[in-house]
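**Student:** Fold the following.
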Amino acid sequence: MKTGTLALSLLALAGLGTSALLLQARSTLLDQVADAGTAAQALETDLAIVRKAHAELTSQLGATQAELTETRTRVSASESAAAELRREVANGRLLLEEAEKRVAAGGLEAVALRETLALTKLEVAQAGADEIAAYQATVARLEEQLAALTTPDSPDSLEPAAPVLPTSVPVLSVGPDNAFVVLGFGATAGARPDHTLEIRRGTETLATVLITGVHPHHAIAQVRPDTLRAGLHKGDLAIITLSP
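**Tutor:** Residues are numbered from 1 along each chain as shown. Model (predicted):
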């Protein structure tokens, strides 16, 4: 009887020990679950931060791409404007070279006419009375041609006739930022420094310009900034409003 009671006691003690171990294991598992939940919350917080940072980077990338596109557009427009300006400068140089060639050709023709006139006068002096009338007509014709070719600065023309100023002249090219224009109006047509002109397109007045540099067949005119109402273009017309 005592032996059976002892066995039951031992079994009871073993059961109590097992229950204690189970409770301890359960507590450990609960602690681990709680730790896992805390870690999961921390990971969710980190994930939210990463997502926010990703959204900000995406937004910055979009803004950078838009700015890059706008910059490329501006660069393209600047390159086009520079190319157009280079073409206008090249055209201006060609016009200037052609004008200089015409001036040189006119000078050579004037020299040839002077020589012919001198020879004709010599022949008249040596001719008989019957030939004088024909020579005089030839001399008069040559003198008229020489007078037409002689510029106002020529020593052979003491009182040159004042040229008739044109009503309007074309704009050959426009300087950067509409600062100045090149006009198809030179000294041979009566252009003088301080001439004032109005640049017009149709019936619209765009600006007032003042001639500051005169060449034989073109002139440089500075644009008065306070009168500029719109961008100037090649082909606009300049109307003379004041002669010095």
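**Student:** where along the chain do the strands fall?
**Tutor:** Secondary structure of the chain (DSSP state E): strands at 168-174, 180-183, 196-201, 204-214, 219-223, 237-242.
**Student:** Residue 239 bridge partners, please.
**Tutor:** Residues in a beta bridge with residue 239, per DSSP bridges, are residue 168, residue 198.
**Student:** Tell me how far it lies from residue 31.
**Tutor:** 97 Å (CB to CB, to the nearest Å). The way it works is simple: take the backbone N, C-alpha and C, and place the C-beta from them, glycine included.
**Student:** more neighbours, those two?
**Tutor:** residue 239 (14 against 10; other CB atoms under 10 Å).
**Student:** check contacts around residue 184.
**Tutor:** By CB atoms under 8 Å, 6 or more residues apart in numbering, the contact set of residue 184 is 169-172, 217-218.
**Student:** err, residue 220, not the other one
**Tutor:** With CB under 8 Å, 6+ apart, residue 220 has these contacts: 180-183, 211-214.
**Student:** go on, residue 175?
**Tutor:** Applying CB under 8 Å, 6+ apart, the residues contacting residue 175 are 181-182.
**Student:** Kindly list the main-chain dihedrals of it?
**Tutor:** Phi and psi for residue 175, reported as degrees, to the nearest 10, are phi -80, psi 170.
**Student:** and the gap between it and residue 39?
**Tutor:** 72 Å.
**Student:** and of the contacts of residue 184, the nearest to residue 195?
**Tutor:** residue 169 (10.1 Å; CB to CB).
**Student:** who's the nearest residue to residue 224 once chain neighbours are set aside bridged to?
**Tutor:** In space, and not counting its chain neighbours, residue 224 is closest to residue 208: 4.9 Å by CB to CB, 6 or more residues apart in numbering. With DSSP bridges applied, residue 208 shows beta-bridge pairing to residue 198.
**Student:** give me the number of residues near residue 208?
**Tutor:** Residue 208: 19 surrounding residues under other CB under 10 Å.
**Student:** what's the answer for residue 70, then?
**Tutor:** Using other CB under 10 Å, residue 70 is surrounded by 10 other residues.
**Student:** Next, work out how far apart it and residue 177 are.
**Tutor:** Counting by CB to CB - residue 70 and residue 177 are separated by 21 Å.
**Student:** repeat for residue 64
**Tutor:** Taking CB to CB, one finds residue 64 at 30 Å from residue 177.
**Student:** I'd like to know how many residues surround the nearest residue to residue 169 once chain neighbours are set aside.
**Tutor:** Leaving aside its sequence neighbours, residue 169 sits nearest to residue 185 (CB to CB, 6+ apart; 3.8 Å). Neighbourhood size, residue 185 [other CB under 10 Å]: 27.
**Student:** And for the one 3 residues further on?
**Tutor:** Residue 188 is surrounded by 17 other residues when neighbours are defined as other CB under 10 Å.
**Student:** and if you look at residue 44?
**Tutor:** Neighbours of residue 44 under the rule other CB under 10 Å: 10.
**Student:** Ok, residue 216 next?
**Tutor:** 17.
**Student:** With the one 5 residues further on instead?
**Tutor:** For residue 221, the count of nearby residues is 28 (other CB under 10 Å).
**Student:** dump the residue contacts of it.
**Tutor:** Residue 221 touches 180-183, 195, 197, 209-212, 238, counting by CB under 8 Å, 6+ apart.
**Student:** related to what we said a few turns ago, for the strands of the chain, could you give me TSV that also reports distance to residue 11 and mean pLDDT?
**Tutor:** Below are the strands of the chain laid out as TSV (distance: least, CB to CB, whole Å; pLDDT from 0 to 100):
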stretch	distance to residue 11	mean pLDDT
strand 168-174	113	93
strand 180-183	117	95
strand 196-201	117	94
strand 204-214	116	94
strand 219-223	116	95
strand 237-242	123	86
